[in-house]
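*Asks:* Provided below for reference: sequence and predicted model.
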Amino acid sequence: MNNLPLIIASSNEGKIREFKKLFYDFPFDVMTQPVGFEVEETGNTFIENARIKAIAVSKETGNLSLADDSGLSVEALGGAPGIYSSRYESSDKKRIEKLLAELKPFSNRKAKFECSLCIASGEKILIEVSGFCEGVITFLPRGRNGFGYDPIFEVLELGETFAEMNHDKKKDIGHRGNAFKKLKPELKKLLASMDN
Ligand code: ITT
């Protein structure tokens, strides 16, 4: 069977880099959504937004599409920025500065990353899963890998921020990697059903 096109419904370079590595042993031609294509995220949850993006990109391209809606929820801030993680500020640097400033009065630094993945074919949702990773917000950014809030999210058991870890470690314990672990068996079943 020829490789199947799979369009990543995202314009976030950091996510796209991680997905290209996650899908390396699947029979997909992993491509990204058309340049400049934008989808309004009108959902109230990560999973709703993932559905909206996957369906829009699948309809636009005529191919199978995978969307990721993800973000960081900080306990002391009542779960903010949550689904607004990318809309919280205009750049990664400003997002980090704003979060550290808002969290300054609190001693509770607990936070959770969440990632919902959705695969759609046209209007049809084929698979949806979610993954999590718990940690704490550091007082200062640390590390140069990854993207987004990675430099201020520390996984306590490892004593490292996501930005201090290499890709394999983040893949193993991170929210996206955890969601992908659930996606994998479902995707294998889907591919097997397409073969028949
Ligand atoms: P697309 O919708 O085009 O995929 P986006 O960046 O707007 O790109 P989201 O709406 O899902 O994506 O927002 C997710 C934000 O949460 C993202 O911009 C980062 O700031 C943050 N985020 C998600 N996963 C992350 C990760 O693994 N490491 C660091 N920050 C992450």
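*Replies:* Perfect, I can see it now.

*Asks:* Tell me which residues touch the closest residue to residue 84 other than its chain neighbours, please.
*Replies:* By the measure of C-beta to C-beta, 6 or more residues apart in numbering, the closest residue to residue 84 outside its immediate chain neighbours is residue 71, 7.3 Å from it. Yep, even glycine has a C-beta here, placed from its N, CA and C like the rest. Residues near residue 71 by C-beta atoms under 8 Å, 6 or more residues apart in numbering: 46, 81, 82, 83, 84, 85, 86, 113, 114.

*Asks:* so which of the residues you listed are also by the ligand?
*Replies:* 85, 86 (C-beta under 6 Å from any ligand atom).

*Asks:* Pull out the buried members of the contacts of residue 71.
*Replies:* 46, 81, 82, 83, 85, 86, 113, 114 (16 or more other C-beta atoms under 10 Å).

*Asks:* Can you dump the C-alpha atoms of the one helix or strand the last one maps to in CSV for me?
*Replies:* If I follow you right, that is residue 114. Using DSSP states H and E, residue 114 maps to strand 110-121. Presented in CSV, the C-alpha positions along strand 110-121 are these (Å, rounded to 0.1, in the frame of the first residue of the first chain):
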residue,chain,number,x,y,z
LYS,A,110,1.2,23.0,40.5
ALA,A,111,0.3,22.9,36.8
LYS,A,112,-0.9,20.4,34.2
PHE,A,113,-0.3,20.1,30.5
GLU,A,114,-3.1,18.6,28.5
CYS,A,115,-3.3,17.5,24.8
SER,A,116,-6.3,16.3,22.9
LEU,A,117,-5.8,14.7,19.5
CYS,A,118,-8.5,14.2,16.9
ILE,A,119,-8.3,12.5,13.5
ALA,A,120,-11.0,13.3,11.1
SER,A,121,-12.0,12.4,7.6
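
*Asks:* so how far is whatever helix or strand comes next after that strand from its chain's centroid?
*Replies:* Counting by DSSP H and E, the next helix or strand C-terminal to strand 110-121 is strand 124-137. Here strand 124-137 shows a centroid-to-chain-centroid distance of 8 Å under the convention C-alpha atoms, centre = their mean, to the nearest Å.
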